[in-house]
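Undergrad: fold the following.
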Amino acid sequence: MPRLFTGIEIPPDAVAMLTGLRGGLPGARWIDPENYHITLRFIGDIDGRTAHSVAEALDRIRRPPFDLTLSGIGVFGGRKPHCVFAQVAPAPQLSALQAEQERMMQMLGLPPDPRKFAPHVTVARLKGVPASAVATYIEARGGFRCGPVRVERFVLFSSRSGSGGGPYVVEEAYPLEG
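TA: Got it, this is the predicted structure:
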């Protein structure tokens, strides 16, 4: 049973800038640069037949390429931080692409994604790292900015169940055209 999600790959020049965020936060588990991505829709563990239907549905998406900007550093988890990420600046084209995928997945009978779409690139996972250390890290790197990043395709990724950070495999790629 594959564990699938859709996302946007990060190009090499942006990966190079994101790797500059590594370090300076003891106890952080840094994401391997080859696994940097922006998740559009987590699909989950599904059977092969449903996976085939998902791949076919995604192939019907027709949208033009667009640009994104990474701007700022954030953290998920509040007082118990569990993830440090690079923020993605608001982009209507990105939101529209994600919303279309969400509608398609629901039409295939998959449950709605319970989380509000918050585009980001995870750079580190945290466990037991004090919030004060995370605040100091973010204060020092909060001015991070990268872009524009050209988005010319989105992909269907697979991952191992419970791996939490890769490795991710591109199962299908879908060009943005027009």
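
Undergrad: for the most centrally placed residue in the chain, what is the enclosing helix or strand?
TA: Geometric centre of the chain, nearest residue: residue 38, 2.3 Å, by CA atoms, centre = their mean. Following DSSP states H and E, one finds residue 38 within strand 37-45.

Undergrad: who are the packing partners of the helix or strand following that strand?
TA: Following strand 37-45 in sequence order, the next helix or strand is helix 48-58 (DSSP H and E). The criterion is 3 or more CB pairs under 8 Å, 6 or more residues apart in numbering; DSSP states H and E, and the helices and strands that helix 48-58 contacts are strand 3-9, helix 92-107, strand 153-159, strand 169-175. Heads up, the C-betas are built off the backbone N, CA and C, glycines and all.

Undergrad: got a list of contacts for helix 48-58?
TA: Helix 48-58 has contacts (CB atoms under 8 Å, 6 or more residues apart in numbering) with 1-2, 4, 6, 43, 46, 101, 104-105, 107-110, 154, 156, 171-172, 174.

Undergrad: in this structure, where's the longest strand?
TA: Looking across the chain with DSSP state E, the single longest strand is strand 66-76.

Undergrad: now for that strand, which elements pack on it?
TA: Helices and strands in packing contact with strand 66-76 are listed as helix 12-19, strand 83-88, helix 92-107, helix 131-141, strand 145-151; criterion 3+ CB pairs under 8 Å, 6+ apart.

Undergrad: dump it to PDB, keeping only the CA atoms.
TA: Written as PDB, here are the backbone C-alpha positions of strand 66-76 (Å, rounded to 0.1, in the frame of the first residue of the first chain):
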ATOM      1  CA  PHE A  66       4.100  30.400 -11.800                       C
ATOM      2  CA  ASP A  67       6.600  31.900  -9.400                       C
ATOM      3  CA  LEU A  68       6.900  31.500  -5.600                       C
ATOM      4  CA  THR A  69       8.900  33.300  -3.000                       C
ATOM      5  CA  LEU A  70      10.200  31.700   0.200                       C
ATOM      6  CA  SER A  71      10.000  34.400   2.900                       C
ATOM      7  CA  GLY A  72      10.700  34.000   6.600                       C
ATOM      8  CA  ILE A  73      11.100  31.200   9.000                       C
ATOM      9  CA  GLY A  74       8.400  29.700  11.100                       C
ATOM     10  CA  VAL A  75       7.700  26.900  13.600                       C
ATOM     11  CA  PHE A  76       4.800  24.500  14.100                       C
END
